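Participant: What would the 3D arrangement of this be:
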Amino acid sequence: MLTARSLEKEFGARKNIDVIAFNPGLTGDTSLMAKQPAILKLLIPAIRPLFYLISLFKPAFFMGTAKRSAKALAELALGKVVLPSGRIYTSPVRGKLTSQTAQN
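Facilitator: Now for the predicted structure:
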C-alpha cells in the first residue's frame, strides 16, 4: 500500500496513470501449496466448503480460485472495471471486487 500511495502521488495526477494495489484474496489452488505436506494438499479441496460456510459470516474467509483472481486482475488492467475516484486498493470479497479509500 505504501508503494501504491507513493506511486499515486508521484504519477497519478501528473501523468494520468491509474495506480491500483491488487490483493487476490484467499486463493487455495496456487503453487504456494507446493511445499506443504501432502496431507494438507489433500485437505484443501475437502475444506473448501467449510471456508464457504465461514465466509457467509466473515467474508474475508471466502476461498477463491486462481482463475477468478486472474480474471479480476485482467478486468482491472484492461479498464473493464474502474475503481471510484480516490481509491487505489482492491480485493475480491466473496467473488466481487471491493475498494478502499487511499489514506495519506
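Participant: Then Ser6 would be within a helix, right?
Facilitator: Yes - looking at Ser6 with DSSP: H, G, I helix; E, B strand; the rest coil, it is inside a helix.
Participant: Tell me, how many residues neighbour it?
Facilitator: By the criterion of other C-beta atoms under 10 Å, Ser6 has 11 neighbours. Every residue, glycine included, has its C-beta placed from N, CA and C.
Participant: quick one: pLDDT of it?
Facilitator: pLDDT for Ser6: 87.
Participant: distance of it from Leu56?
Facilitator: 37 Å (C-beta to C-beta, to the nearest Å).
Participant: Next: Lys35.
Facilitator: Distance from Lys35 to Leu56, counting by C-beta to C-beta: 31 Å.
Participant: If you count surrounding residues, which of these two has more?
Facilitator: Using other C-beta under 10 Å, the more surrounded residue of Lys35 and Leu56 is Leu56, with 10 against 7.
Participant: how close does that one get to Phe22?
Facilitator: Here Leu56 is placed at a distance of 24 Å from Phe22 (C-beta to C-beta).
Participant: What of Leu76?
Facilitator: Relative to Phe22, Leu76 is positioned 6 Å away (C-beta to C-beta).
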